[in-house]
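Colleague: Quick one: sequence and predicted model below, then my questions.
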Amino acid sequence: MAAAAPGLRAGGGQSVVRPDAVRVAGAFRLDDVSLADLGALMASGRATSLSLTRQYLARIEEIDRRGPRLNSIIEVNPDAAGIAAALDRERRASGPRGPLHGIPILLKDNLDTHDRMTTTAGSLALAGSVAPRDSFVAGRLRAAGAVLLGKTNLSEWANYRGSGSSSGWSGRGGLTRNPYVLDRNPSGSSSGSAVAVAAGLCAAAVGTETDGSIVSPSSFNGIVGLKPTVGLVSRSGIIPISRSQDTAGPMTRTVTDAAILLGVLAGVDPLDPATAGAEGKSGAGYTSWLRPGAMAGARLGIARSCFGFHPRVDELMRQALESMQGLGAEFRDPVEVPQGPAFEGAEGTVLSYEFKDGINAYLAALGPAAPVRDLAGLIEFNRRHADRELRWFGQDLFLKAQARGPLTDPAYLEALATCRRLARSEGLDATMDRHGLDAIIVPTTGPAHVTDLVLGDHDIGGGTSPAAVAGYPHITVPLGRIDGLPVGISFFGRAWSEGRLLALAFAFEQATLVRRAPAFLPTVWPA
């Protein structure tokens, strides 16, 4: 599948740092290397965890903080080199723990780590806050031998503070920039995680999603992003928005790397009751699904209502469907997915109630030394520091949530039941049963828009909400480029169908191989 012609020129008088500017001993490029490659290099003795960690830190300094100044990393782990050295000693003494042993991974700054790093959701209100314990995700990564390299910037409070926001901006971290074209938006809320992976500032990263926050920035930044079934990965120790929709998930450059990372993150956690459903469904076996021939005989539904927002996206999707048909896929075209005012309104009500309940519980658990204790305290902090926190957009979502009652309110219970009915039993489940589908396909997003701090985001379309509201899995894979800007294609399906979705995404990825490393160009210019 041919990508659209780039039509890009460097301009604006800025220097351009090319993606091969920082290399590892001439052996490979950090923006191309896979988790398996890194493991093989360490196994052969051609690299160590310490050498890789130092080189990633050097690349962060070169590209994120100087050079193009992507601003995707909110802080680096001051103990990363020491952790890497200890893991090297362990490898020599007893061998690797698994595929992530010694590999540097970045975490979004809403995932708790009990170390010398802080967890703030990008907010100045939590500056200096150290979590009392690791999140489940951080604990799984440490147990697997990963090096927690640092925390990534994000849309503040995972983009749940005020309407009219610009994705990738936080009061603490500033604005993250898209590495493909620097004046373009990175999307969010997992902005820094997506940018860091795309630019080769880490081997892989973890993001979180409530609705679109993994898959949308993955699409904007030309990487693979997987939002798992809610409950496959524990939310304990993640700054919450919604108990119904929140999840963490892998953000990587390849489907294989997403499968490897998901196998580490997935698991049952008594601190998150939703993970009880993951019993017997989690584990390290996701890579066994990855076969180039997995598309043969697959029944795929085409949700045409999520098309039509950009003619060049539609053309890339046409080419993608043609490629999948050539691989043996069978289409049901069109199929319906849940959307519309009733669906969107019910989701908004659920998020508003659940955010207040969840954030109050999270802040209370930080203990008496916490900078703020509850949502009311956050609202007051922002008012007192409006020059830094409310300069570009407000906190109307906070105010709306603060006015909500408890989760026993009839309005909440009715909205939650509506979401589950429209998204699941009358939505994705009904569509997949009616047509016997393995997955549903939509374009993930359009190409990245110009960042506009005054007017906020102006995305043009996509299909993130159906799987998000249902709590079902959703994977995006690079589809192609429009004037040098990446766009992704999405596969989503039933609860706990991560293996099948990974298989389909892998088959498509291997047949097309359209991902290209970013060029850090200042802007898009007419051809």
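Modeller: It's in. Treat the numbers as computed from the prediction; the structure is a model and nothing was measured.
Colleague: Residue 244 contacts residue 419, doesn't it?
Modeller: Yes - Residue 244 is in contact with residue 419 according to C-beta atoms under 8 Å; the separation is 7.0 Å. In short, each C-beta sits where N, CA and C put it, glycine included.
Colleague: quick one, which of those two is more surrounded?
Modeller: residue 419 (25 against 21; other C-beta atoms under 10 Å).
Colleague: need the contact list for the more buried one.
Modeller: Listed by C-beta atoms under 8 Å, 6 or more residues apart in numbering, the contact partners of residue 419 are 244, 343, 346-347, 350, 469.
Colleague: Mind doing that once more with 7 Å?
Modeller: 346-347, 350, 469 (C-beta atoms under 7 Å, 6 or more residues apart in numbering).
Colleague: Kindly report the same for residue 396.
Modeller: Neighbours of residue 396 in contact, by C-beta under 7 Å, 6+ apart: 162-163.
Colleague: buried subset of the contacts of residue 419?
Modeller: Among the contacts of residue 419, the ones that count as buried by 16 or more other C-beta atoms under 10 Å are 346-347, 350, 469.
Colleague: between residue 244 and residue 419, what contacts are shared?
Modeller: residue 350.
Colleague: picking that back up, taking the contacts of residue 419 one by one, which sit in strands?
Modeller: Judged by DSSP state E, strands contain none of the contacts of residue 419.
Colleague: got these as a markdown table, with distance to residue 234 columns?
Modeller: Converted to a markdown table, those look like this (distance: C-beta to C-beta, whole Å):
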| residue | distance to residue 234 |
| --- | --- |
| 346 | 26 |
| 347 | 23 |
| 350 | 20 |
| 469 | 20 |
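Colleague: okay if I get the residues you listed as TSV plus pLDDT?
Modeller: Formatted as TSV, the contacts of residue 419 follow (pLDDT from 0 to 100):
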residue	pLDDT
346	98
347	98
350	98
469	98
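Colleague: can you tell me which of the residues you listed lies nearest to residue 480?
Modeller: residue 469 (27.6 Å; C-beta to C-beta).
Colleague: Tell me the one of the contacts of residue 419 nearest residue 414?
Modeller: Within the contacts of residue 419, proximity to residue 414 (C-beta to C-beta) peaks at residue 346, which comes in at 8.2 Å.
Colleague: Could you tell me how far that closest one is located from residue 155?
Modeller: Residue 346 is 23 Å from residue 155, where distance means C-beta to C-beta, to the nearest Å.
Colleague: Do a quick rundown of the helices in the stretch 251-400 of the chain.
Modeller: Assigned by DSSP state H, counting those that start in this stretch, the helices in the stretch 251-400 of the chain fall at 255-265, 311-326, 341-365, 375-384, 386-389, 396-402.
Colleague: I'd like those helices as CSV, with distance to residue 443 appended.
Modeller: Compiled in CSV, the helices of the stretch 251-400 of the chain are given as follows (distance: least, C-beta to C-beta, whole Å):
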stretch, distance to residue 443
helix 255-265, 18
helix 311-326, 5
helix 341-365, 19
helix 375-384, 35
helix 386-389, 34
helix 396-402, 27
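Colleague: Could you say which of those is packed most deeply?
Modeller: The highest mean neighbour count among these, using mean count of other C-beta atoms under 10 Å, belongs to helix 255-265: a mean of 26.
Colleague: distance between it and the chain's centre?
Modeller: With C-alpha atoms, centre = their mean, to the nearest Å as the basis, helix 255-265 stands 13 Å off its chain's centre.
Colleague: Same question for stretch 216-233.
Modeller: 4 Å.
Colleague: Show me the beta-bridge partners of the closest residue to residue 265 other than its chain neighbours.
Modeller: Closest residue to residue 265 apart from its sequence neighbours, by C-beta to C-beta, 6 or more residues apart in numbering: residue 233 at 4.8 Å. Residues in a beta bridge with residue 233, per DSSP bridges, are residue 230.
Colleague: Next, work out how far apart residue 233 and residue 279 are.
Modeller: In this view, residue 233 and residue 279 are 14 Å apart by C-beta to C-beta.
Colleague: the more surrounded of those two?
Modeller: Neighbours were counted for residue 233 and for residue 279 using other C-beta under 10 Å; residue 233 has more, 31 against 10.
Colleague: Per-residue pLDDT of the more buried one, please?
Modeller: On pLDDT, residue 233 comes in at 98.
Colleague: Check the gap between it and residue 168 for me.
Modeller: Separation of residue 233 from residue 168 (C-beta to C-beta) stands at 23 Å.
Colleague: Double-check the residue nearest to residue 265 against residue 263; I have them as touching.
Modeller: No - at 10.9 Å, residue 233 does not count as touching residue 263 under the criterion of C-beta atoms under 7 Å.
Colleague: partners of the closest residue in space to residue 190 that isn't next to it in sequence in the sheet?
Modeller: The shortest distance from residue 190 to any non-neighbouring residue, by C-beta to C-beta, 6+ apart, is to residue 207 (3.0 Å). For residue 207, the beta-bridge partners under DSSP bridges are residue 249.
Colleague: Against residue 230, how distant is residue 207?
Modeller: As judged by C-beta to C-beta, residue 207 and residue 230 stand 15 Å apart.
Colleague: okay, the two: which has more neighbours?
Modeller: Set side by side, residue 207 and residue 230 show more neighbours around residue 207, with 33 against 27, by other C-beta under 10 Å.
Colleague: Is it correct that the more buried one is in contact with residue 214?
Modeller: Yes - in terms of C-beta under 7 Å, residue 207 counts as a neighbour of residue 214; the distance is 4.5 Å.
Colleague: what residues are shared contacts of these two?
Modeller: Here residue 207 and residue 214 share the contacting residues 190, 225, 249, 251, scored by C-beta under 7 Å, 6+ apart.
Colleague: Make CSV out of these and add distance to residue 70, pLDDT and neighbour count.
Modeller: As requested, the shared contacts of residue 207 and residue 214 are exported to CSV (distance: C-beta to C-beta, whole Å; pLDDT from 0 to 100; neighbours: other C-beta atoms under 10 Å):
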residue, distance to residue 70, pLDDT, neighbour count
190, 14, 98, 39
225, 18, 99, 32
249, 22, 98, 31
251, 15, 99, 33
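Colleague: and which of the residues you listed is nearest to residue 122?
Modeller: Residue 122 has its nearest neighbour among the shared contacts of residue 207 and residue 214 in residue 190, at 11.4 Å by C-beta to C-beta.
Colleague: Spit out the contact partners of the closest one.
Modeller: Counting by C-beta under 7 Å, 6+ apart, the residues that residue 190 touches are 108, 154, 207-208, 213-214, 217, 251.
Colleague: of all these, which comes closest to residue 182?
Modeller: Taking C-beta to C-beta as the measure, residue 182 sits nearest to residue 217 out of the contacts of residue 190, at 15.5 Å.
Colleague: how far away is that closest one from residue 389?
Modeller: From residue 217 to residue 389 the distance is 22 Å (C-beta to C-beta).
Colleague: What of residue 325?
Modeller: For residue 325, the distance to residue 389 - C-beta to C-beta - is 50 Å.
Colleague: Find me the pLDDT at the residue positioned nearest the centre of the chain, would you?
Modeller: Residue closest to the average C-alpha location in the chain (C-alpha atoms, centre = their mean): residue 214, at 2.6 Å. We have a pLDDT of 98 for residue 214.
Colleague: surely it meets residue 206?
Modeller: No - contact criterion C-beta under 7 Å: residue 214 and residue 206 do not qualify, at 9.3 Å.
Colleague: Show me the common contact partners of these two, please.
Modeller: Joint contacts of residue 214 and residue 206 (C-beta under 7 Å, 6+ apart) are residue 251.
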